[in-house]
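J.: Prediction below, plus the sequence it came from.
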Amino acid sequence: MPFRPRYTGLIERYRDRLPVSSDTRIISLGEGNTPLIKLQNIPRLLGKNVDIYVKYEGLNPTGSFKDRGMTMAVTKAVEAGSKAIICASTGNTSAAAAAYAARAGITAFVLIPDGKIAMGKLAQAMMYGAMTLQIRGNFDDGMRLVKEVADHAPVTIVNSVNPYRLQGQKTAAFEIIEDLGRAPDYHCLPVGNAGNITAHWIGYCEYSSAAGAHVTDSCAFCNGDCKFASGAIVSNRPKMIGYQAAGSAPFMRGHMVDHPETIATAIRIGHPQSWDRAWNVMQESNGWFAEVSDAEILAAQRMLTRHEGVFCEPASAASLAGLMKDIKSGKIEEGATIVLTLTGNGLKDPDTAIAQCQGEDKASMVTIDATLDQVKGAILDNMA
Ligand SMILES: *Cc1c(COP(=O)(O)O)cnc(C)c1O
């Protein structure tokens, strides 16, 4: 019986579409190849005839899509002889940088906002052995410092300003097209720095004959003559929809925001690094930005766990929160095929999850004596 070859990561799978050569040493943890799960209950609860698929990026090796970009960024840093990488992070980039640096045998420095990072992400950065610098400032302060220090110290920046990050991340769009046999009609993502929405658009364009030559300015490697572009696998491209948390929504305000606030710490970013590119994506794809409140984000996160068995972190749930509004309002029509990126794993932020469950009317945890009576009582009280 023929065996399937072992999956060894997205660079190996999409080697011909990524800037690596046959003697590049690949730094991989088997990232990518994440499931595209069709929602069964939420469309019914919405009372709408729509096909919604979630791309569960929380199943990457460090629990977020950042691994897709980091395998490329660290591979190229090592190829260039770099001994250290650095990033500013709301948490997931630092976890990924730390893990891939450990794998490569180089040093990672990560700048995180003091006290504003989810517990799982902090545990990862420390455990993988990154030098963790908690700054008394937010992500945008960290990003500014990282750019400055890279001019003064021999470190490679692995934030999404590093063009290899987007190259790695574009592969999520390839996987979606291969799973669906076409591109979806809409693709929804939570937006922080707007690197990921840009990367997906690059991926969709490279697989689409509708793209013409290449994406204006989005592909860091083409200079107008893209050897990676126009794969012409499918003829359509999705409308891209970017959802922001209301307290942290520079794309909605139309300008940078100096004191972003949201419970969705992964998108608590007021000065997005891919500002121009993201506007280009919206224009080229006929998509839009929209915003959701923290309460809507948490309700969507809960809905996904409760009704579909899928646990994502708060930032990821922003895309479902926004999508449900756009479906209810009719902005997204019935019959549409929609893909949502669930950017990170729910286990990243246990504190927010537990606090939310404790705040519910109906307790999902009680403490009882270790007796048959009490266990039986608890079961009979709680049968649906
Ligand atoms: C990084 C991140 C985002 C935002 O992605 P951008 O590329 O910065 O827009 C959203 N959700 C999670 C979980 C993230 O880690």
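T.: Thanks, I have it.
J.: Spell out which parts of the chain neighbour the ligand.
T.: Counting by C-beta under 6 Å from any ligand atom, the positions of the chain adjacent to the ligand are 64, 66, 92, 160, 190-196, 266-267, 313, 315-316, 343-344. For every residue, glycine as well, the C-beta is placed using N, CA and C.
J.: repeat that for 8 Å
T.: Counting by C-beta under 8 Å from any ligand atom, the chain comes close to the ligand at 57-58, 64-66, 90-93, 160, 169, 189-199, 242, 264, 266-267, 269, 272-274, 312-313, 315-316, 318, 343-344, 348.
J.: For the stretch 201-350 of the chain, just list every one of the helices.
T.: Remark: helices assigned in the stretch 201-350 of the chain by DSSP state H, counting those that start in this stretch are 250-253, 275-285, 294-308, 314-328, 350-358.
J.: Next: the stretch 1-150 of the chain.
T.: Counting by DSSP H, counting those that start in this stretch, the stretch 1-150 of the chain has these helices, from start to end: 10-13, 42-46, 66-79, 92-104, 119-127, 139-149.
J.: what packs against the fourth one?
T.: The criterion is 3 or more C-beta pairs under 8 Å, 6 or more residues apart in numbering; DSSP states H and E, and the helices and strands that helix 92-104 contacts are helix 66-79, strand 84-88, strand 107-113, helix 119-127.
J.: closest to Glu308 out of these?
T.: With C-beta to C-beta, the closest approach to Glu308 among those belongs to helix 119-127: 21.0 Å.
J.: can you tell me which of the helices of the stretch 1-150 of the chain comes nearest to Ala173?
T.: In this view, the helices of the stretch 1-150 of the chain are compared for proximity to Ala173 by C-beta to C-beta, and helix 66-79 is the closest at 10.6 Å.
J.: if we can go back for a sec, which stretch among the helices of the stretch 1-150 of the chain comes nearest Ile177?
T.: Within those, the stretch nearest Ile177 is helix 10-13; the backing value is 13.3 Å (C-beta to C-beta).
J.: Show residues contacting the closest one.
T.: Residues outside helix 10-13 that contact it (C-beta atoms under 8 Å, 6 or more residues apart in numbering) are 7, 18, 20, 26, 28, 31-33, 68, 71-72, 75, 168, 171.
J.: repeat for stretch 154-167
T.: Residues from elsewhere that reach stretch 154-167, judged by C-beta under 8 Å, 6+ apart: 18-19, 69-70, 72-77, 80, 82-89, 93, 97, 109, 143, 146-147, 149-150, 169, 193, 195-196, 198-199, 202, 218, 220-221, 273-274.
J.: Perfect, that will be all.
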